[in-house]
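Asker: any chance you could fold what I've pasted below:
(3 chains)
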Amino acid sequence: MHFLNELNESQRKAAEHLYGATMVIAGAGSGKTRVLTYRIAHMIENEIDPFNILALTFTNKAAREMTERIGSIVGADEAKNITMGTFHSVFSKILRFNADRIGFPNNFTIYDTQDSKSVIKDIIKGFKLDDKTYKPSNVFGRISSAKNNLISPEAYCQNEEIKLEDQQARRPEMGRIYMSYMNRCQKSGAMDFDDLLYYTNVLMRDFPEVLHYYQHKFKYILVDEYQDTNYAQYLIIKKLAAAYENICVVGDDAQSIYSFRGANIENILNFRKDYPDFTLYKLEQNYRSTKNIVEAANSIIKKNKDQIHKSVWTENQNGNKIKVVRTPTDNEEGRSVASFIHEKQGKSNCSYNDFAVLYRTNRQSRSFEEALRKLNIPYKVYGGLSFYQRKEIKDLLAYFRLAANPNDEEALKRVINYPKRAIGKTSIEKLIVAANNYTTSMWEVICDFHKYPVDINNGTKSRISEFATMIKSFQSEINTKDAFSLAERIARSSGIMKELIDAKDKGPEEVERFQNVEELLSGIQEFSNSGDEVDPNTLADFMLEVALLTDADQEKPEEKNHVSLMTIHSSKGLEFPNVYLVGMEENLFPSQMSLHSRSDLEEERRLFYVAVTRAMESCTLSYAVSRFLWGQSISCEPSRFIDEIDPNYLEFSSKSKSINRGLSMKGFEGARTGGLNKMTNPSLRSLKEVTRQKSSSSNEQDIKVGYNVEHKTFGKGKVTHMEGLGADQKATIFFPHHGSKTILLRFANLEILNDE
DNA sequence: CCAGTACTTAGGTTG
DNA sequence: TAAGTACTGG
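Answerer: A predicted model of the protein is given here:
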């Protein structure tokens, strides 16, 4: 059968429409990836040269999978010539190729978020600003969104509106920091993630011949997950597509969940303006989920005001209702989900791959990990601290980075004294200051103390020079020697290997560190071997790839038989027969931060929609009545999102015995008005009431206005005012010796001295 | 210069 | 709670 016959009518139309501007709005589970794949295969069958195709995906993994699937249709040799990847990976390659034009070395480093923040921190320190008003992560966020909107440092400083905003936020130096940050990165030959898009725009704006070249190379452009593109990405596509206007964007406004990093739904609206005679296709038939799940999801998204109308439907069976489970604590939530999985897996003998636990925040994984481990259920936690962010990996990579680009200041700072070579903080500080004064890089300074005198004692200086000599010796081999032998040599002669081996008998964590480094090295070995004898894959080649890799790229599919634990964000695009959506509580999901604005709340709701539509057969929502947060137990209310689902698709269960016991012990009998196994929606509300009462009465710090209290540092005082609830509860206290102070109770550790 | 200790303070998602 | 930072004495 020809592959196009595997598509339904609207899918097929979208796949066959090859010329002109096309927008495909694809509901969840409507076979979007399949359309993209077949569309590209169809293009190649119609004699379109793969070299002329640019396909931008959201993750590297998606790109790889799609290349593979297209290869299986049209042949791998053809498929490998398609330019396919994330915006970041495709354009980092283009930037490397043209780096000299914009004042970067072609082996520029890519700074990750940690690196960027560390640079910013340094700048704030250098400017002698208070790092509480200028929090590195805030500053970084502000710079990032400026870049995503293509606002240059100069434009930032001149823009009156921005100036006013920063002044009102009492951060008038923001523009100066932004400017200095850009300079520092450039001096270090480094780009951050946002720079990859920002400088691509600069390149295409200032070098028409470059733009012209890529416009004619990429005659056909496809963009997946279009709803999650930001302005910088939008403009790149617009410029590239300007010559031929063969552009196809695929997305679903209902699944836009990345506005926090600049994604802009307006790109969809702009598309209509930019290409007025575009063709719109809607994919509305869902092939993934049961009717109950599809309908429940529809009832959720209906509450959002901002959306493109579409009606997702399915021919699949009704299936079971969505289960809602309540547990007393977060740990019990972990145990109950683990036992559900255990039971179900045992009964149907399905694979552990069929289960996913989805949560809003990474830190929620803990209770599920513990519970699953106890039941011997294999699991894998996705996201969180990635392999490439681990200290030991970053340390070794820093040496590699230095070998490729010694001006990389973050890498230099990281390893100049690791392993210990008696080069202390003060000396490093002096080097940084010197580099800034001489307007050169730290590396240049340490290479030539005659040209750049620094006030450091001679012993330290000679140790620094020794270090520089070592780096130079690595540097000389980075483009010639094969990746693995150089990597191994660096690991050994830097002293990192010895350091890790010596630490090994300290404990299991140290052993793991060593194993991680071994894993990295074996990955490099694999990479080395994939090159050929004459022209080996070098460490420089490896470093070009590595900065943009994520954990998902590491995964070996054959090893996969485990329950997946991940955030909802990282579940985008995936599907699982059984989904457990946990932590369905107010202030957690929807997140507390989202409650201030309608658009933020709508994004949370879209996130909820994404979560529910991951489920194929069964979906379970769970919430805990109390949860540990920063070492304190706080009480929680069920999420408003549970109420928002049409109750016809819900089933309230309190199946597990331990849950019932837990509840009655804490006095929740009143909530179970609807019988043992089923509760109706109103009973959920009554439960909320109970929860609320609990939260006000069970507060351990029962402090009221007028109380005399004693504080660890301020001594005795009298409470004059109270504000906030729960963890935010604050008391204003008058201390005779220190004046009036407003203090967060959960940190204050007050002693109540009632009867004085 | 360095290691060990006391103290502070997170609030969220990612290439 | 846990991680990261600031401080202090060797």
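Asker: stretch A:633-641 near DNA strand B at all?
Answerer: No: when contact is scored as C-beta under 7 Å from any atom of the strand, no part of stretch A:633-641 falls within range of DNA strand B; the minimum is 9.2 Å. (C-beta placed from N, C-alpha, C; glycine too.)
Asker: restricting to C-alpha, output that stretch in CSV.
Answerer: Listed in CSV are the C-alpha atoms of stretch A:633-641, where the atom choice follows Å, rounded to 0.1, in the frame of the first residue of the first chain:
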residue,chain,number,x,y,z
SER,A,633,4.2,20.3,55.9
ILE,A,634,1.7,22.6,54.2
SER,A,635,-1.9,21.8,53.6
CYS,A,636,-3.3,21.9,50.1
GLU,A,637,-6.6,22.3,48.3
PRO,A,638,-7.5,20.2,45.2
SER,A,639,-6.8,22.0,42.0
ARG,A,640,-9.5,24.1,40.4
PHE,A,641,-8.8,22.1,37.2
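Asker: ok now that stretch, how far from the chain's centre?
Answerer: Taking the mean C-alpha point of stretch A:633-641 and that of its whole chain, the gap between them comes to 25 Å (C-alpha atoms, centre = their mean, to the nearest Å).
Asker: any bit of it sitting next to DNA strand C?
Answerer: No: between stretch A:633-641 and DNA strand C, judged by C-beta under 7 Å from any atom of the strand, nothing touches; the nearest distance is 10.3 Å.
Asker: and whatever residue of chain A ends up closest to DNA strand C, how close does it get to A:Asp330?
Answerer: Nearest to DNA strand C, among the residues of chain A, is A:Gly631, at 2.5 Å (C-beta to the nearest atom of the strand). Per C-beta to C-beta, to the nearest Å, A:Gly631 is found 13 Å from A:Asp330.
Asker: ranges for the strands of the stretch 201-350 of chain A?
Answerer: Per DSSP state E, counting those that start in this stretch, the stretch 201-350 of chain A has strands spanning A:220-223, A:247-251, A:279-283, A:285-286, A:313-314, A:322-329. These are given in chain order.
Asker: any idea which of those gets closest to DNA strand B?
Answerer: Go through the strands of the stretch 201-350 of chain A one by one with C-beta to the nearest atom of the strand and the one that ends up closest to DNA strand B is strand A:220-223, at 14.2 Å.
Asker: for the closest one, give the mean pLDDT please.
Answerer: Averaged over strand A:220-223, pLDDT sits at 97.
Asker: and the residue of chain A closest to DNA strand B?
Answerer: When C-beta to the nearest atom of the strand is the measure, chain A has its nearest residue to DNA strand B at A:Gly424, with 2.7 Å between them.
Asker: now do the phi/psi pair for that residue.
Answerer: For A:Gly424, the backbone dihedrals (degrees, to the nearest 10) come out as phi -90, psi 180.
Asker: that one: what's its closest spatial neighbour, skipping adjacent residues?
Answerer: In space, and not counting its chain neighbours, A:Gly424 is closest to A:Asn417: 7.2 Å by C-beta to C-beta, 6 or more residues apart in numbering.
Asker: shouldn't that neighbour be in contact with A:Thr426?
Answerer: No: A:Asn417 is not in contact with A:Thr426 according to C-beta atoms under 8 Å; the separation is 11.3 Å.
Asker: and the strand or helix carrying A:Glu410, what does it pack onto?
Answerer: Following DSSP states H and E, the helix or strand that holds A:Glu410 is helix A:409-415. Secondary structure elements in contact with helix A:409-415, counted by 3 or more C-beta pairs under 8 Å, 6 or more residues apart in numbering; DSSP states H and E, are strand A:109-111, helix A:113-126, helix A:391-404, helix A:425-437, helix A:442-447.
Asker: could these go into TSV alongside mean pLDDT and mean neighbour count?
Answerer: Listed next are those as TSV, based on pLDDT from 0 to 100; neighbours: other C-beta atoms under 10 Å:
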stretch	mean pLDDT	mean neighbour count
strand A:109-111	93	24
helix A:113-126	89	19
helix A:391-404	92	22
helix A:425-437	87	16
helix A:442-447	93	22
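Asker: next, show the common contact partners of A:Asn417 and A:Thr426.
Answerer: The overlap between the contact sets of A:Asn417 and A:Thr426 (C-beta atoms under 8 Å, 6 or more residues apart in numbering) is empty.
Asker: residues from the stretch 351-500 of chain A in reach of DNA strand B?
Answerer: Within reach of DNA strand B by C-beta under 7 Å from any atom of the strand, the stretch 351-500 of chain A has these residues: A:360-363, A:383, A:417, A:420-427, A:460.
Asker: what about those, which one has the most neighbours?
Answerer: Taking other C-beta atoms under 10 Å as the neighbour criterion, A:Arg360 ranks highest of those with 23 neighbours.
Asker: not counting sequence-adjacent ones, nearest residue to that one?
Answerer: Counting by C-beta to C-beta, 6+ apart, A:Arg360 lies nearest to A:Phe589, which is 4.2 Å off, once chain neighbours are set aside.
Asker: do you know how far that neighbour is from A:Ser618?
Answerer: With the distance defined as C-beta to C-beta, A:Phe589 ends up 19 Å from A:Ser618.
Asker: the more surrounded of the two?
Answerer: In this view A:Phe589 and A:Ser618 are compared by other C-beta under 10 Å, and A:Phe589 has more residues nearby, 27 against 23.
Asker: in this structure that one contacts A:Leu358, no?
Answerer: No: under the criterion of C-beta under 8 Å, A:Phe589 is not in contact with A:Leu358, lying 10.0 Å apart.
Asker: just the buried residues of whichever helix in chain A runs longest, please?
Answerer: Among all segments of chain A classified by DSSP state H, the helix with the greatest residue count is helix A:508-529. Neighbour counts over helix A:508-529 (16 or more other C-beta atoms under 10 Å) mark A:510, A:513-514, A:516-517, A:520-521, A:523-525, A:527-528 as buried.
Asker: how far off centre is it?
Answerer: For helix A:508-529 - counting by C-alpha atoms, centre = their mean - the centre lies 24 Å from the chain centre.
Asker: could you give the angle of the helix or strand following it to helix A:508-529?
Answerer: Downstream of helix A:508-529, the first helix or strand assigned by DSSP H and E is helix A:539-546. For helix A:539-546 against helix A:508-529, the angle between stretch directions is 110 degrees (axes from the mean of the first three to the mean of the last three C-alpha atoms, to 10 degrees).
Asker: give me the helices and strands touching helix A:539-546, please.
Answerer: Judged by 3+ C-beta pairs under 8 Å, 6+ apart, the packing partners of helix A:539-546 are helix A:87-97, helix A:391-404, helix A:483-493, helix A:508-529.
Asker: can you show me the CA trace of it as PDB?
Answerer: Output of helix A:539-546 as PDB, limited to C-alpha atoms (Å, rounded to 0.1, in the frame of the first residue of the first chain):
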ATOM      1  CA  LEU A 539      37.200  16.300  20.000                       C
ATOM      2  CA  ALA A 540      36.500  19.600  18.300                       C
ATOM      3  CA  ASP A 541      33.800  17.900  16.300                       C
ATOM      4  CA  PHE A 542      32.300  16.400  19.400                       C
ATOM      5  CA  MET A 543      32.200  19.700  21.200                       C
ATOM      6  CA  LEU A 544      30.100  21.200  18.400                       C
ATOM      7  CA  GLU A 545      27.400  18.700  19.200                       C
ATOM      8  CA  VAL A 546      27.500  18.300  22.900                       C
END
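Asker: good, wrapping up.
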